[in-house]
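1. sequence and predicted model, in that order:
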Amino acid sequence: MPRPILATVHPEALRHNLQRARDCAPDARVWAVVKANAYGHGIERCFDALRSADGFALLDLAEAERLRALDWRGPILLLEGVFEPRDLELCSRLHLWHTVHCSEQIDWLAAHKTQVPHRVFLKLNSGMNRLGFTPAAFRSAWARLNALPQVDEISFMTHFSDADGVRGIAHQIAVFEETTSDLPGERTLSNSAAILRHAKGVSGDWVREGVALYGGAPDFPEKTASDWDLLPAMTLSSRVIGVQSLQAGDTVGYGSTFTAEGAMRVGVVACGYADGYPRHAPTGTPALVDGVRTRLIGRVSMDMLMVDLSALPGSGMGSEVVLWGRSSAGVVLPVDEVASAAGTIGYELMCAVAPRVPFAPSPA
Ligand SMILES: *Cc1c(COP(=O)(O)O)cnc(C)c1O
């Protein structure tokens, strides 16, 4: 028998979460953001459930090739544009739409020989100061692009730094409006947090749904996935492969960071940081054993972690353990809760599932 750890992707959750973006932004088309191999879920594994999206957004050219290999003929947007001039050949060949965020990318386009004019998304840096032209440089970038025979349609994009937080998006929308309002073309602004939290405050022709597709709440703990009616698209599960009975004063794991206060049972779970589980998850981090919430105890090691079975007399060797996602009985443990206990965000845990973790075969 293989080691019992398993990741499972839930296609019906992906479909549901995609529909949530449509409900929140009924007038917009939806990019399914599938960068980082669909946030760790696997592009091929998610493709069927997401094929009713209006397009796919990602940034790795090899991932764009994989989508075309799946026979996806619709729009694909490269969120960071091209990284070097010859990437433009792939854009021409595979009809990839690409972001233009800096003047070098315009130089490369101007030198690119193609029969197929490109659709580009000109990116405005409206305050995040990551990618994009400043408002001062934006119009001349637009004019240059507009004059290129290699370009047939120019759309506009920006990205929010605080759609999930108190600062919000109004200041960036004001910059975007001021800079682009008299230019013709489609617009895309919103990520998951903006789709869910600011649907009324921002319009656009396209929204870019990332983490919410996979059932992560972009603004946890202010809001949970269930507050937003999102379903977990991934379950990371394993089993109890050993049981220890402790007496008061006994310790658990490396560094003896946990000491039993009285008699208790401990389950040893086949999941560790080499599987992508966060090593910094402390005692108290939630897990489900046989569908019941319990807690991690002691340090996470490379291949194993320990859970408290004291309140679970019926559980033991072979019991199902859900590290995040949905138990076979349908109980949900949001990835955001585990991430937050470990001092990170759900995005990181989804993306970090290690290559050694097998995925369950997708349902037909
Ligand atoms: C990753 C990304 C998104 C999606 O963000 P979520 O918070 O996961 O919805 C949208 N736009 C850009 C430019 C991105 O890089």
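-> That came in fine, so what should we check first?

2. the ligand contacts on the stretch 201-350 of the chain?
-> 208, 209, 210, 211, 212, 218 (C-beta under 6 Å from any ligand atom). To be clear about C-beta, it is placed using only N, CA and C from the backbone, and glycine gets the same treatment.

3. burial count for the fourth one?
-> What it means is residue 211. Look at residue 211: counted by other C-beta atoms under 10 Å, it has 26 neighbours.

4. what does the fifth one give?
-> A total of 24 residues lie near residue 212 under the criterion other C-beta under 10 Å.

5. nearest spatial neighbour of it, chain-adjacent residues omitted?
-> Counting by C-beta to C-beta, 6 or more residues apart in numbering, residue 212 lies nearest to residue 192, which is 3.8 Å off, once chain neighbours are set aside.

6. roughly how far does that neighbour sit from residue 354?
-> 25 Å (C-beta to C-beta, to the nearest Å).

7. ok, now residue 157?
-> 33 Å.

8. likewise residue 256?
-> Distance from residue 256 to residue 354, by C-beta to C-beta: 27 Å.

9. for these two, indicate the residue with more neighbours.
-> Under the neighbour definition other C-beta under 10 Å, residue 256 and residue 354 were set side by side, and residue 354 has more, 14 against 11.

10. residues in contact with the closest residue in space to that one that isn't next to it in sequence?
-> Computed as C-beta to C-beta, 6+ apart, the closest residue to residue 354 that is not its neighbour in sequence is residue 276, at 4.3 Å. Shown in contact with residue 276 (C-beta atoms under 8 Å, 6 or more residues apart in numbering): 236, 349, 352, 353, 354, 357.

11. need the residues you listed in CSV (columns: pLDDT and secondary structure).
-> Converted to CSV, the contacts of residue 276 look like this (pLDDT from 0 to 100; DSSP: H, G, I helix; E, B strand; the rest coil):
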residue, pLDDT, secondary structure
236, 98, strand
349, 98, helix
352, 97, helix
353, 98, coil
354, 98, coil
357, 98, coil
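
12. closest to residue 167 among the residues of the stretch 201-350 of the chain next to the ligand?
-> residue 218 (14.3 Å; C-beta to C-beta).

13. right, and that closest one touches residue 211 too?
-> Yes - the criterion here is C-beta atoms under 8 Å, and residue 218 meets it with residue 211 at 5.4 Å.

14. where does this structure dip in pLDDT?
-> 363-364 (pLDDT under 70).

15. could you verify that residue 245 is part of a strand?
-> Yes - the assignment for residue 245 by DSSP: H, G, I helix; E, B strand; the rest coil puts it in a strand.

16. adjust the sequence numbering to begin at 58 for everything that follows.
-> Sure, I'll start numbering at 58, so the last one becomes residue 302.

17. and whatever residue of the stretch 258-407 of the chain ends up closest to the ligand, how many neighbours does it have?
-> Of all residues in the stretch 258-407 of the chain, residue 267 sits closest to the ligand, at 2.2 Å by C-beta to the nearest ligand atom. Residues lying near residue 267 (other C-beta under 10 Å) number 23.

18. tell me how many other residues crowd residue 393.
-> 27.

19. pretty sure it contacts residue 280?
-> No - counting by C-beta under 8 Å, residue 393 sits too far from residue 280 to count as a contact (9.5 Å).
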